[in-house]
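Student: Sequence and predicted model, in that order:
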Amino acid sequence: MGDSSDQEMTYTGSILIAVNPFTKLPHLYNVHMMEMYKGVQFGDLSPHVFAVADAAYRAMVDEGKSQSILVSGESGAGKTETTKLIMQYLTYVGGRAAGDDRTVEQQVLESNPLLEAFGNAKTVRNDNSSRFGKFVEIQFDASGRISGAAIRTYLLERSRVVQITNPERNYHCFYQLCASGRDAEKYKLGNPSHFHYLNQSKTYELDGVSNAEEYLKTRRAMDIVGISHDDQEAIFRTLAAILHLGNVEFSPGKEHDSSAIKDQKSNFHLQMAATLFMCDVNLLLSTLYTRTIHTREGSIVKALDCSAAVANRDTLAKTVYAMLFDWLVQKINSSVGQDSSSKVQIGVLDIYGFECFKNNR
Ligand SMILES: Nc1ncnc2c1ncn2[C@@H]1O[C@H](COP(=O)(O)OP(=O)(O)OP(=O)(O)O)[C@@H](O)[C@H]1O
């Protein structure tokens, strides 16, 4: 759209169409640009994502009505980046001048790297693809200042936790933890190639990204969002437990259609998973390779064959991960804080990248 790299945005009515420039254009998104678009009539300046955010903000302030901005497009189109620019603009015009380094707006912005570490992954199309939908609600007080925020997420891609294909990756946080040095050692992790949930794809690194540095960034984001060190510890312990759980393999058991822990190595990972989950190892094992059927006469314990035990293991890993993700979102929400007396808000919906299939069913 347009004939130079500086003109990748255009309007159709009040809809902004933006083409991903795939290159950093800092001059388009700096404070100077935010200042330039502030309070200017929509359409007076060249099309820009800040103009859309400003129009929403002005409409909210002038008419006292809540607004929403919908960001849509296929995977890799630039939705997440655009959403972040919108949030940056709204926090710029609606932020407080105070020097407090843990203001609502900073926490809202810092929740992005955190959610990305746990909800984004490399796909064929995008090295940092969001695998969940996100609705960010920014609440304002009567004078147009940000007074609270809430993040709602939905449809996290759970299957990725246990199954990936080359050259995709699992969620970033796993590779970050493996590269974390002392913490990785503490949880008996190490090279991601040693873990089934990561080594189904041979891609461990991302171009221009250091997993170790990203780990520190995730930790910092947790500090800013207000997640206590104990909780941070618990989060990474759970991730490590999931990786160990994935290495638990089964072999056929003595009885027909039953299974047993395959070998010493599997036993070690089972022990590790139980220690890190802080649960009884025998209970964990029976959860994996048996099923309890409740009948009116009492409960019957049925042995499971290897493939059913593996399926059980994977379901447990996916469920724990999805619950961890939800818990993280809840934590972010409670520390950012909601303003229950807020009358107006701007909602930004970053809708999950749809992929084009031959048959879209
Ligand atoms: N405005 C921009 N300026 C520079 N680079 C951008 C911009 N928008 C997107 N990109 C580049 O394109 C990549 C993909 O963008 P983004 O992650 O926002 O896509 P998406 O539409 O959210 O995809 P998905 O649905 O897979 O999450 C980014 O990692 C970034 O490198």
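Tutor: Received it, and whenever you're ready, just let me know what you need. Numbering: from 1, shown residues only.
Student: Isn't residue 114 up against residue 329?
Tutor: No. Using C-beta atoms under 8 Å, residue 114 makes no contact with residue 329, being 9.4 Å away. No exception for glycine: its C-beta is placed from N, CA and C like everyone else's.
Student: tell me the contacts of residue 14?
Tutor: 42, 52, 55 (C-beta atoms under 8 Å, 6 or more residues apart in numbering).
Student: Residue 43 now?
Tutor: 11, 51.
Student: To which secondary structure element type does it belong?
Tutor: With DSSP: H, G, I helix; E, B strand; the rest coil as the basis, residue 43 sits in coil.
Student: and the spatially closest residue to residue 260 that is not a sequence neighbour, what pLDDT?
Tutor: Leaving aside its chain neighbours, residue 260 sits nearest to residue 253 (4.3 Å; criterion: C-beta to C-beta, 6 or more residues apart in numbering). In this model, residue 253 is scored at 94, pLDDT.
Student: and residue 253, how many neighbours?
Tutor: Here the count is done by other C-beta atoms under 10 Å, and residue 253 has 17 residues near it.
Student: Could you list the buried residues of stretch 42-53?
Tutor: Within stretch 42-53, the residues scored as buried using 16 or more other C-beta atoms under 10 Å are 42, 47-53.
Student: Next, format those residues as TSV and append pLDDT, distance to the ligand and secondary structure.
Tutor: Converted to TSV, the buried residues of stretch 42-53 look like this (pLDDT from 0 to 100; distance: C-beta to the nearest ligand atom, whole Å; DSSP: H, G, I helix; E, B strand; the rest coil):
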residue	pLDDT	distance to the ligand	secondary structure
42	91	20	coil
47	94	13	coil
48	95	11	coil
49	96	8	helix
50	96	12	helix
51	96	14	helix
52	96	13	helix
53	96	13	helix
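Student: Any idea how many residues pack against residue 232?
Tutor: Per other C-beta under 10 Å, the neighbour tally for residue 232 reads 15.
Student: okay, the one helix or strand it maps to in CSV with CA atoms only?
Tutor: Here residue 232, judged by DSSP states H and E, is contained in helix 229-246. Coordinates of each C-alpha in helix 229-246 appear next as CSV, following Å, rounded to 0.1, in the frame of the first residue of the first chain:
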residue,chain,number,x,y,z
HIS,A,229,9.9,-14.4,43.8
ASP,A,230,8.2,-17.4,45.4
ASP,A,231,5.6,-17.4,42.7
GLN,A,232,8.3,-17.0,40.0
GLU,A,233,10.1,-19.9,41.4
ALA,A,234,6.8,-22.0,41.3
ILE,A,235,6.2,-21.0,37.7
PHE,A,236,9.6,-22.2,36.5
ARG,A,237,9.5,-25.3,38.7
THR,A,238,6.2,-26.2,37.0
LEU,A,239,7.7,-25.7,33.5
ALA,A,240,10.7,-27.9,34.5
ALA,A,241,8.2,-30.6,35.8
ILE,A,242,6.4,-30.6,32.5
LEU,A,243,9.7,-31.1,30.6
HIS,A,244,10.6,-34.0,32.9
LEU,A,245,7.1,-35.5,32.6
GLY,A,246,7.5,-35.6,28.8
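Student: Torsion angles phi and psi at residue 147?
Tutor: Torsion angles at residue 147 (phi, psi; degrees, to the nearest 10) stand at phi -120, psi -10.
Student: Chain neighbours aside, what residue packs nearest to it?
Tutor: Per C-beta to C-beta, 6+ apart, closest to residue 147 is residue 339, 3.8 Å.
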